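no FASTA, just this:
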């Protein structure tokens, strides 16, 4: 039993470290999660709850109520979520906005499915939806364009275990460490947590990222698939060329900023412009997306629309660049704005 609890703690630690990048935070949380109450007890209770739901599904709520439930979930402390039933969220599960777990495919099947998925989409409509999402602060319309190009530029490849660093081996020498379930090339993770309640947590945090932040991981095929599937369920908004004109004003603000401007400082400047009705966190995600779309990048780093960059080749941020992601983490105002990318993405889409 002690050995089993230790493996649970290690598994949870890795999950939380991956999510937050903070081992000092992860270990106490993991130990708490596995011991008070035990993971086995939590998941047994959850399994009973879900089997009862599957036998007699909770009636679906409307979309607005489902989004309120999702927002409540996203704001709930993980420790409270872990130790309480999920019945309050089940109307949103029946409606479809929240999920019980992620659908996971074998690696090669996931690649094929993703390519088939983007073949059903219009890149012009994706571009118009992105501009609409920026102008009207509709995060759910802002992720699909980058997801499209991420999948489009994925190279043909076999599964390659994700390199996650080095450890000291039995002989005292450093040995490479690999994540056995995640592909280093496309980021696809072909397994999910063995704990069903953790599956509920992970998939619905993705749903919250989609609907409330417009956040897409830079190298995750899992997120790209999930977001495009969800995007296809959305109704088409009322596009207008005014959305593009609004976007150009945002770009003009960036163009006129001081020469020493960095991506880490950019979000406050954009907030103060009054052009973005977003929170600072949403603006940070928006700036990352400008990097993904090759609008803001340095000379030695690129986003998603022209090439695929494996995670190991992504450049780390410089110390004073804040928490922006590759490639905008190396951007400064001196790098300029890639107007060729803007033109390629948006010119002529309203014709």
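Happy to help now that I have it. A quick note: this is a predicted structure, and the numbers were derived from the prediction, not measured.

per-residue confidence for the residue most central in space within the chain?
Geometric centre of the chain, nearest residue: residue 216, 3.1 Å, by CA atoms, centre = their mean. The confidence metric pLDDT takes the value 83 at residue 216.

which residues are in contact with residue 164?
177, 178, 179 (CB atoms under 8 Å, 6 or more residues apart in numbering). (Each C-beta comes from the backbone N, C-alpha and C, glycine too.)

how much distance is there from stretch 79-91 to the middle of the chain?
Per CA atoms, centre = their mean, to the nearest Å, the displacement of stretch 79-91 from the mean C-alpha position of its chain is 22 Å.

and for stretch 67-77?
Worked out by CA atoms, centre = their mean, stretch 67-77 lies 17 Å from the chain centre.

then stretch 274-290?
The answer for stretch 274-290 is 15 Å, by CA atoms, centre = their mean.

same thing with stretch 95-110?
Distance, centroid of stretch 95-110 to centroid of chain: 14 Å (CA atoms, centre = their mean).

end to end on it, go ahead and measure it.
25 Å (CA to CA, to the nearest Å).

show me which positions of that stretch end up buried.
Of the residues in stretch 95-110, 95, 97, 98, 99, 100, 101, 102, 104, 105, 107, 110 count as buried by neighbour count, 16 or more other CB atoms under 10 Å.

and the contacts of it?
Under CB under 8 Å, 6+ apart, the answer for stretch 95-110 is 50, 60-63, 65-67, 69-70, 73, 89, 92-93, 113, 158-159, 183, 188-192, 196, 199-200, 202-204, 206-207, 211, 221-222, 225-226, 233.

buried subset of these?
Applying 16+ other CB under 10 Å to the contacts of stretch 95-110 flags 50, 60-61, 66-67, 69-70, 73, 89, 92-93, 159, 183, 188-190, 192, 196, 199-200, 202-204, 206-207, 211, 221-222, 225-226 as buried.

which SSE is immediately downstream of the longest strand along the chain?
Scanning the chain for the strand with the most residues, using DSSP state E, yields strand 174-183. Next helix or strand after strand 174-183 toward the C-terminus (DSSP states H and E): helix 196-208.

now the helix or strand that that next one is followed by, how far from the centre of its chain.
Note on helix 196-208: by DSSP H and E, the next helix or strand toward the C-terminus is helix 221-231. Here helix 221-231 is found 9 Å from its chain centre; the criterion is CA atoms, centre = their mean.

same for helix 221-231, what does it pack against?
Applying 3 or more CB pairs under 8 Å, 6 or more residues apart in numbering; DSSP states H and E, we find helix 221-231 packed against helix 107-119, helix 144-152, helix 196-208.

the first one to helix 144-152, inter-axis angle?
Read that as helix 107-119. Counting by axes from the mean of the first three to the mean of the last three CA atoms, to 10 degrees, helix 107-119 lies at 130 degrees to helix 144-152.

average pLDDT for helix 107-119?
97.

tell me what angle that helix forms with strand 174-183.
Using the same axes, to 10 degrees: helix 107-119 against strand 174-183 is 50 degrees.

swap in the last one?
Orientation check (the same axes, to 10 degrees): helix 196-208 against strand 174-183 gives 70 degrees.

let's number from 294 now, not from 1
Understood, numbering begins at 294; the last thing we discussed is helix 489-501.

and helix 489-501, what does it pack onto?
helix 332-348, helix 356-368, helix 371-376, helix 514-524.

kindly recompute the last result at 10 Å.
For helix 489-501, the elements it packs on are helix 295-313, helix 332-348, helix 356-368, helix 371-376, helix 383-388, helix 514-524, judged by 3 or more CB pairs under 10 Å, 6 or more residues apart in numbering; DSSP states H and E.

and if you look at the second one?
In terms of contact count using 3+ CB pairs under 10 Å, 6+ apart, helix 437-445 is assigned the packing partners helix 400-412, helix 416-428, helix 514-524, helix 573-585, helix 632-639.

what count of nearby residues applies to residue 337?
13 (other CB atoms under 10 Å).

show me the contacts for it.
By CB atoms under 10 Å, 6 or more residues apart in numbering, the contact list for residue 337 reads 331, 489, 490.

now swap in residue 502 and tell me
Residue 502 neighbours (CB under 10 Å, 6+ apart): 367, 432, 436, 508, 509, 510, 516, 519, 520, 578.

apart from its neighbours in sequence, what residue is nearest the fourth one?
The shortest distance from residue 508 to any non-neighbouring residue, by CB to CB, 6 or more residues apart in numbering, is to residue 502 (4.0 Å).
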